[in-house]
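A.B. asks: Just a sequence and a predicted model for now, questions to come.
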Amino acid sequence: MLADLVFVNAQVITVDEKNRLAEAVAVKESRIVAVGTNKEIESWIGGQTQKIDLHGKSLLPGFIDSHLHLTAYGTTKLGVNCKEPHIQSLHHLFADLKALAKKTPKGEWLRASGFNEMKIEEQRYPSRWELDAISIEHPIQITRTCGHISAVNSKALELGSITEETLDPAGGRIDRDEWGIPTGLLIETAHSSLLQIAVYTEEEIRKAMTMASADFIAAGITSIHDAGGFGPENLRMLQQAVKADDIKVRVYAMIGSLNRSEDFVEKMVQAGVITGLGDERFRIGPAKIFTDGSSSGPTIATREPYTSNPDNYGILYFTQERITEILGEAHKKGFQITAHAQGDRAIEMVLNCIEESLEKYPRKDHRHRIEHAGITMPDLLERMKKLGVVPVPNPPFFYEFGDGYLKNYGQRVNHMYPVRDFIDNGIIAAGSSDCPVTHYNPLLGIHVAANRISGSGQAVGANQRITVLEAIKLYTWNGAYASFEENIKGSIEVGKLADLVVLSERILDAAVEHIKEIQVDMTLIGGKMEYVRDAVTNC
């Protein structure tokens, strides 16, 4: 049998059990059929075989982002993106919104995403009255980069039935001025409730999904764990888009919603659909709920007060009893379960739930997860190991939010997203971006995991630095393990899916501070070339 495609003269980082390096790989149809030296692969080459000489560049398993929001990221491309370099102040943001208003029919939403008040000159949120000056005929919503907070205008408040008399929802807050008038700033569930009104059309969502998939593939991502979109309709459209090949990345879809509602989760659990249903392209993942807020907000639930505010312990969405009720039932029905838990108080509650659920209904190899696992103190680390929990940390957060972490959490940064501790304690953690909260580029995640330095150059928990090879494993084999798929992907081994990424240089030989500058040259999914960088001409 001859191969359809072979790569030779490569730095093949297999990420197999022994972290072996090789020189060449052969692919037949959608699978890897041989891994070895250039000489060993020669027998697989025939007249119809495509042979690609990588001239020493790195060849890796396709990257797996174990927690991002495909639809939410895609929709950021439909409005104003506050992370564009030219948006340095509210003035720049308002100018872009005014331009958008001119071409948007009256009554339709004007949206901006990726807003970070700490990255603009004013270092504050816009008020409803400033947004009213842009338009009172369009509802306006500016979503903070964390996805937990938004600033809206009066029209949006009107559509959300938010007035001076409206009470704060459980797990959220409506910001008010000194006279009790809502300022337009909506926090946690107050923000997420408005998402049920500020809906996108199905056409917009399908377009967003397609654009997001293309961007991820260009970054070397071949599989994603989608952490929830806009409810059950989003799940339906995800499946349809995969079937239509509009979404080309492989999808492991969590059962959860950005509106923070547990209703969808409970209905899916009762429906009898469980984790693992699907195929190599699309598979049902864990049942997921939110338990607390955003690490950069900051609104996470902590056991000790914030270093920046002795009166602030963050926001909790549910009681311990309610968390255990929702996720415990999902565990009982056979789901892998998970929860967004950032602060140590929230993490402790999720671990309590997992422990109680396993005591009542024991199950081997459950691989229950904790999304983010932000502040994982030593006692929580020990419980994670004992219970066999898979944490899903977000290394790239430090690059964008690290300075704020130092301010808000002080010495606790030494236990934030603690990948060194996870590895040293034999806990399998899967790397993720939480895009669009921060950038989806896995090479940025690998860079930050190895360096633990913020964008301003500050060290943030340097005790948690790991090697580049360890970081690569977070974004490959560990991601496959977190979705029960390590037997079919996550490493370059015979029989596995030919999901591969070629880098612009030798990542293991690069200076550690240079990792984020490395580019993706090629991305293959199932042996098919889905992306080739324009500048690549010598392969």
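C.D. replies: Perfect, I can see it now.
A.B. asks: For the closest residue to V460 other than its chain neighbours, I want the exact helix or strand it lies within.
C.D. replies: In space, and not counting its chain neighbours, V460 is closest to G402: 3.9 Å by C-beta to C-beta, 6 or more residues apart in numbering. Quick note: C-beta positions are derived from backbone N, CA and C, even for glycine. With secondary structure defined by DSSP states H and E, G402 is part of helix 397-409.
A.B. asks: Quick one: low-confidence residue ranges for the stretch 51-200 of the chain.
C.D. replies: Nowhere does the stretch 51-200 of the chain drop to pLDDT under 70.
A.B. asks: change it to 80
C.D. replies: Within the stretch 51-200 of the chain, the stretches with pLDDT under 80 are 196.
A.B. asks: what does the stretch 351-500 of the chain give?
C.D. replies: Along the stretch 351-500 of the chain, no part satisfies pLDDT under 80.
A.B. asks: where exactly do the helices run in it?
C.D. replies: 378-387, 397-409, 419-424, 442-451, 468-474, 477-482 (DSSP state H, counting those that start in this stretch).
A.B. asks: what's the longest strand in the chain?
C.D. replies: strand 282-290 (DSSP state E).
A.B. asks: tell me what that one is packed against?
C.D. replies: Judged by 3 or more C-beta pairs under 8 Å, 6 or more residues apart in numbering; DSSP states H and E, strand 282-290 is in contact with helix 232-243, strand 250-255, helix 263-271, helix 320-332, strand 337-341.
A.B. asks: Mind telling me which of the ones you listed the model trusts least?
C.D. replies: Lowest mean pLDDT of these: helix 263-271, a mean of 85.
A.B. asks: Flag every buried residue along that one.
C.D. replies: Buried residues in helix 263-271, counted by 16 or more other C-beta atoms under 10 Å: F264, V265, E266, M268, V269.
A.B. asks: Name the surrounding residues that touch that helix.
C.D. replies: 231-232, 255-257, 287-289, 326, 329-330, 333, 335 (C-beta atoms under 8 Å, 6 or more residues apart in numbering).
A.B. asks: what's the angle between that helix and strand 250-255?
C.D. replies: 100 degrees (axes from the mean of the first three to the mean of the last three C-alpha atoms, to 10 degrees).
A.B. asks: can you give me the angle helix 263-271 makes with strand 337-341?
C.D. replies: 170 degrees.
A.B. asks: now helix 263-271 and helix 320-332, what's the angle there?
C.D. replies: Using the same axes, to 10 degrees, one finds that helix 263-271 and helix 320-332 are set 40 degrees apart in direction.
A.B. asks: got the CA positions of helix 263-271 in CSV?
C.D. replies: The C-alpha coordinates for helix 263-271 follow below in CSV (Å, rounded to 0.1, in the frame of the first residue of the first chain):
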residue,chain,number,x,y,z
ASP,A,263,-33.1,25.0,31.9
PHE,A,264,-31.5,23.9,28.6
VAL,A,265,-29.1,21.6,30.5
GLU,A,266,-31.9,20.0,32.5
LYS,A,267,-34.1,19.4,29.4
MET,A,268,-31.2,17.8,27.5
VAL,A,269,-30.5,15.5,30.4
GLN,A,270,-34.1,14.4,30.6
ALA,A,271,-34.2,13.9,26.8
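A.B. asks: Check the offset of it from the chain's centre.
C.D. replies: Relative to the chain's own centre, helix 263-271 is displaced by 23 Å; criterion: C-alpha atoms, centre = their mean, to the nearest Å.
A.B. asks: Use 479 as the first number from now on
C.D. replies: I'll keep to 479 as the first residue from here, and by that count the last item is helix 741-749.
A.B. asks: hang on, the earlier thing: which of the helices and strands packed on strand 760-768 sits most buried?
C.D. replies: Most buried of the helices and strands packed on strand 760-768, by mean neighbour count (mean count of other C-beta atoms under 10 Å): strand 815-819, with a mean of 30.
A.B. asks: Does that one pack against any helices or strands, and if so which?
C.D. replies: Contact here means 3+ C-beta pairs under 8 Å, 6+ apart; on that basis strand 815-819 packs against strand 760-768, helix 798-810, helix 822-838, strand 847-850.
A.B. asks: residues touching A648, list them.
C.D. replies: Going by C-beta under 8 Å, 6+ apart, A648 touches T667, Y795.
A.B. asks: So the nearest residue to G750 once chain neighbours are set aside versus V743, what's the distance?
C.D. replies: In this structure, G750 finds its nearest non-sequential neighbour in K811, 7.5 Å apart by C-beta to C-beta, 6+ apart. Distance of K811 to V743, given as C-beta to C-beta, to the nearest Å: 11 Å.
A.B. asks: Q942 too?
C.D. replies: For Q942, the distance to V743 equals 32 Å [C-beta to C-beta].
A.B. asks: Next: N941.
C.D. replies: From N941 across to V743, the span is 36 Å (C-beta to C-beta).
A.B. asks: check which helix or strand covers the spatially closest residue to V1014 that is not a sequence neighbour.
C.D. replies: Distance criterion C-beta to C-beta, 6+ apart; nearest residue to V1014, sequence neighbours excluded, is D999 at 4.7 Å. In this structure, D999 is located in strand 998-1003 according to DSSP H and E.
A.B. asks: got the contact list for that strand?
C.D. replies: Contacts of strand 998-1003 (C-beta under 8 Å, 6+ apart): 505, 535, 540, 695-700, 726-728, 921, 976-982, 1007-1011, 1014, 1017.
A.B. asks: neighbours around R845, how many?
C.D. replies: Neighbour count of R845, defined by other C-beta atoms under 10 Å: 18.
A.B. asks: I'd assumed F962 was in contact with it.
C.D. replies: Yes - using C-beta atoms under 8 Å, R845 is in contact with F962, at 6.5 Å.
A.B. asks: picking that back up, and which of the contacts of helix 741-749 is nearest to V897?
C.D. replies: Within the contacts of helix 741-749, the smallest distance to V897 is 21.2 Å, found for K766 (C-beta to C-beta).
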